[in-house]
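Trainee: quick one, structure for this:
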Amino acid sequence: MSIVPSYKPMEITLIRRDKKKSNLRNDLGLSPATLAKMSNGEYVALDIIGLICEYLDCNIEDVVTFVHKEGTSE
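Mentor: As a prediction, the model looks like this:
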């Protein structure tokens with residue numbers, strides 16, 4: 001089984017902070033490609049996660065967790 005990042009906690013944190021992904025793009029200068037990676041559950045650089053944590057004033061687990069990818073086995 002493989003483990004992949006899930007950015008669902010970030011969605012919840014954005015709602016709690018009354019922010020949207022467009023705020024991340026505009027205020028932090030995140031590229032649309034980075035946001036697309038996050039939407040697709042792909043890895044993004046840790047420094048990007050750090051920027052988001054600082055911007056949202058939260059811990060890393062409020063942005064990303066790791067989950068078992070469905071439909072895979074070893």
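
Trainee: got a list of what Ile12 touches?
Mentor: With contacts defined as Cβ atoms under 8 Å, 6 or more residues apart in numbering, Ile12 is in contact with Asp62. To be clear about C-beta, it is placed using only N, CA and C from the backbone, and glycine gets the same treatment.

Trainee: and it, which helix or strand is it part of?
Mentor: helix 8-16 (DSSP states H and E).

Trainee: mind listing what's buried in that helix?
Mentor: Pro9, Met10, Thr13, Leu14 (16 or more other Cβ atoms under 10 Å).

Trainee: looking at those, which is nearest His68?
Mentor: Nearest to His68, judged by Cβ to Cβ, of the buried residues of helix 8-16 is Pro9 at 16.1 Å.

Trainee: for that closest one, give me its contacts.
Mentor: So Pro9 contacts Glu61, Asp62, Val63, Val64, Thr65 (Cβ under 8 Å, 6+ apart).

Trainee: let me have those in a markdown table, extended by distance to Ala36.
Mentor: Converted to a markdown table, these look like this (distance: Cβ to Cβ, whole Å):
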| residue | distance to Ala36 |
| --- | --- |
| Glu61 | 23 |
| Asp62 | 21 |
| Val63 | 16 |
| Val64 | 15 |
| Thr65 | 19 |
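
Trainee: which one (most neighbours) among those?
Mentor: Within those, neighbour counts (other Cβ atoms under 10 Å) peak at Val63, which reaches 25 neighbours.

Trainee: correct me if wrong: that one contacts Cys53.
Mentor: Yes. If you go by Cβ atoms under 8 Å, Val63 and Cys53 touch, sitting 5.8 Å apart.

Trainee: helix or strand right after whichever helix in the chain runs longest?
Mentor: Secondary structure assigned by DSSP state H gives helix 46-56 as the longest helix of the chain. Sequence order places strand 65-68 as the next helix or strand after helix 46-56, per DSSP H and E.

Trainee: show me what that next one is in contact with.
Mentor: For strand 65-68, using Cβ under 8 Å, 6+ apart, the contacting residues are Met1, Ser2, Ile3, Val4, Pro5, Ser6, Lys8, Pro9.
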